[in-house]
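Asker: how would this look folded up:
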Amino acid sequence: MRQEIVKSDVTVIGGGLAGISAAIAAARLGQKVALVHNRSVLGGNSSSEVRVWVCGATGHGVNRYARETGIMGELFIQNQYRNPEGNPYLWDLTLLEAVKAEPNLTLFLNTDVREVEADGELDNRIIRSVNGWMMGSEREITFESEVFLDCTGDGLVGFLAGAAYRIGREARDEFGEDWAPEVADDITLGSTLLFYTKDVGKPVRFVAPAFAKDITTTSIPLKRVIRSGDSGCHYWWIEWGGELDTVHENERIRDELWSVIYGIWDFIKNSGRFEAENMTLEWVGSIPGKREFRRFLGDTILTQNDVISQVPFEDRIAFGGWSIDLHPPQGVYATESGSKHLHADGIYHIPFGSLYSRNVSNLLFAGRNVSASHVAFGTTRVMATCAVMGEAAGVGAALSVIKGVTPRELREKHLNELQQTMLRTDASVIGLHNTDSSDLARKGTVMSSSTMTGILLDRASEEYALKSDVGFIFPAEDGFAGLSLLVTSLKETSLTIELWDTGRAENYVPANCRQELQVYVGTGEKQWIDVPADATRFAGESCNVFVIVRANEEVSLYKSDTPLSGVLAFERGVKPVVSSDLEDHQPDQPVIEWSMKRLVRQPFCFAVETSAYSAAKVVDGYVRPFGGPHLWVSEPLVEGREEWVEVSLPRTADVQDIHITFNDDVNEDLINLHHHETPFLIIPELVMSYELQAYTNGDWITVASDCHNRTRKKIHTLENAVKTDRIRIVVKETNGGNRAEVVEVRIYE
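Answerer: Numbers count the residues shown, from 1 in each chain. The predicted structure follows:
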């Protein structure tokens, strides 16, 4: 047996999306990182071994402008380009390539950590090392580092180190959570096995194994959706084990789930109720996808009320947006809906205090084992949210090592640096802005070749009958002017039009009515009607205006064939696509009541003047939509005319690093596997070809360029610093959008 010692600055145990993101984040900050994973492929529940969709804050299109950025965003974008069909093995490859691209990161696959050396008193322990066995290689490896991250999901490392934790559901009165049970118990969410099917073009027999469940003798057909063409995560509800110990009875749970899968397939193939003659099983999972086990205790325990109230924690370092999604303990055999969902009015904030142990001084964690109540865990558990927490934990680990402090001390003494480091890397944080004193662009002045000063969506693609209430959002910057709508009316009538604010800057639902209008509409086709809005009611604010147009069956609006950043359209009262027997989404929750799912990239035709797209937005400090889109947008691109945005520095400087954040439409819901496929490989608004220029010696010189860009965040480190007081980004071409769009520019000596 070969024995080794690996010394690193940071050791990350667990190679799911939380661990991957943590390891990459720490490595990019210059730390030597060991990433230790007990499987042969990365990705955890998202890998080809389990095949769960990577869900996150978008909630499959429920939340607006909520797609993750940072490392998780990079993975989404890369997978969209190279794997639009959702091949699970190509997703594995995307993850492996991202890890291998980091020179400071060493990957140890097939390495099972089951021993931890820790010392100290129970309330102040410290991990010295963890010991792993590399299966198939007969290598026993001891990992030593200053900081450790438990991203194992089940929380084995923290448990062995003596970290405080909980399993099960808290009582309702502990945190005042109305979705918690009255009495605490040890019930968790169950585990799931998935399967893939395939049409082979000829009849295929299926002979069920003896252990296959006869599902007609169970409650499964009553409350679950069974269709012959479905596979993969459409069968997320094949869940069981919530009333058991999901770790120690993992094998029993797997066997039960196998019996259910083969029973369901026998029902589909041999009951005569489905068109499945040519269908066959292509793949059946063998590793249960666990949802819940240990949840560690940090200095903050995230609760249901924190999520629903969208508490803006002072130490927020990430966001989520998936609903609080809880399943019945009986899983697949439950006679109630397979899941129930409680939605906030938008994204919610995650505090750094929920990512480190309250009693093990050098332990951080990320993923489904973070410090949250069982109810709040119902939303934090989804993998894209686990990934953004992983990135935050990785940044926290790296800064803790660099500064020689514990994660708790980092939060208490260096919180601003932690948050600013995350903003600089384009991490998924909402509502914080750049205050980096070393960023020269912050104190500069900005000008551009042109700026879109008005929204004019006049290219109609489809008539839209106003049979129910609809809404649309546009950004206002200290008011607006000239609001008008394109309509057709069968006779003289009036429209009820209301102007609302959205309450919180991170929300996109109507909150407070600012004005109600009755607008006369004459008979006629494709006529522009003026909406006499009182813009002073939004004066002095940078905000989104939510316009509600009440139903009127005599009137039609028009969809635009051109999407526009910062503009969204909504329908009210759209029925859920999924059966209400399977998923219980209460319709009176605002983000469910006002749905954009059928109108993504299809705004209504309207016009308004607004200054929300000015060039100054590239240095206003925000890198995500927040009370407006926060980006510069040019006039439409015209052949032969260059569009550019320029930052004049307060002094001449030796410029070395330029950061550019382009718009990649974080409203677009991306997915890693087969839930849906975008109609494009690259986000159209994303700049494809550009030049980075510096003004020096009386002339503009090109210091960097890219003709094939498909990423949101670009960092150009110049081989030789250039002495200049002006930096310009010249946009040559986009990936399909008709305007130049830039979110942020940072400039460093």
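
Asker: use CA for all of it now, contacts and neighbours both
Answerer: OK.

Asker: tell me the phi and psi of D214?
Answerer: Dihedral angles of D214 (phi, psi; degrees, to the nearest 10) stand at phi -80, psi 100.

Asker: what's the answer for R411, then?
Answerer: When quoted as degrees, to the nearest 10, the phi and psi of R411 stand at phi -70, psi -40.

Asker: so what's it up against?
Answerer: Contact partners of R411, counting by C-alpha atoms under 8 Å, 6 or more residues apart in numbering, are D315, F352, G353, L418.

Asker: quick one: the first one from M383, how far?
Answerer: According to C-alpha to C-alpha, to the nearest Å, D315 stands 22 Å off from M383.

Asker: neighbour count winner among those two?
Answerer: More neighbours sit around M383 than around the other of D315 and M383, counting by other C-alpha atoms under 10 Å; the figures are 26 against 18.

Asker: tell me the pLDDT at S579?
Answerer: Residue-level confidence at S579 comes out at 66, pLDDT.

Asker: Per the annotation, how does this protein divide into domains?
Answerer: Following automatic domain parsing, one gets these domains for the chain: 2-170+295-424, 191-284, 440-449+615-748, 454-609.

Asker: okay, those domains, which one's buried deepest?
Answerer: Across the domains of the chain, the average number of neighbours (mean count of other C-alpha atoms under 10 Å) peaks for domain 2-170+295-424, which reaches a mean of 23.

Asker: For Y748, give the beta-bridge partners.
Answerer: With DSSP bridges as the criterion, Y748 is bridged to D657.

Asker: sorry, back to before: of the contacts of R411, which is the nearest to I455?
Answerer: Proximity of the contacts of R411 to I455, judged by C-alpha to C-alpha, is greatest for D315, which lies at 36.6 Å.

Asker: Surely that closest one is in contact with K413?
Answerer: No: judged on C-alpha atoms under 8 Å, D315 makes no contact with K413 at a distance of 11.4 Å.

Asker: ok so, going back, and the contacts of R411, which two are furthest apart?
Answerer: With distances taken as C-alpha to C-alpha, the most widely separated pair in those is G353 and L418, at 12.4 Å.

Asker: Which stretches in the stretch 201-350 of the chain count as helices?
Answerer: Ranges of helices in the stretch 201-350 of the chain, per DSSP state H, counting those that start in this stretch, are 220-223, 250-270, 304-308.

Asker: how far does the helix or strand harbouring V547 sit from the chain's center?
Answerer: Taking DSSP states H and E as the definition, one finds V547 inside strand 542-549. Between the mean C-alpha point of strand 542-549 and the mean C-alpha point of its chain there is a distance of 24 Å (C-alpha atoms, centre = their mean, to the nearest Å).

Asker: How about exporting the helix or strand following it as PDB, limited to the C-alpha atoms?
Answerer: For strand 542-549, the following helix or strand on the C-terminal side (DSSP H and E) is strand 555-560. Taking Å, rounded to 0.1, in the frame of the first residue of the first chain, the C-alpha atoms of strand 555-560 are listed here in PDB:
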ATOM      1  CA  VAL A 555     -58.600  44.800 -28.000                       C
ATOM      2  CA  SER A 556     -55.400  43.100 -29.100                       C
ATOM      3  CA  LEU A 557     -51.800  43.900 -28.300                       C
ATOM      4  CA  TYR A 558     -48.800  42.800 -30.400                       C
ATOM      5  CA  LYS A 559     -45.800  40.800 -29.700                       C
ATOM      6  CA  SER A 560     -42.500  42.200 -30.800                       C
END
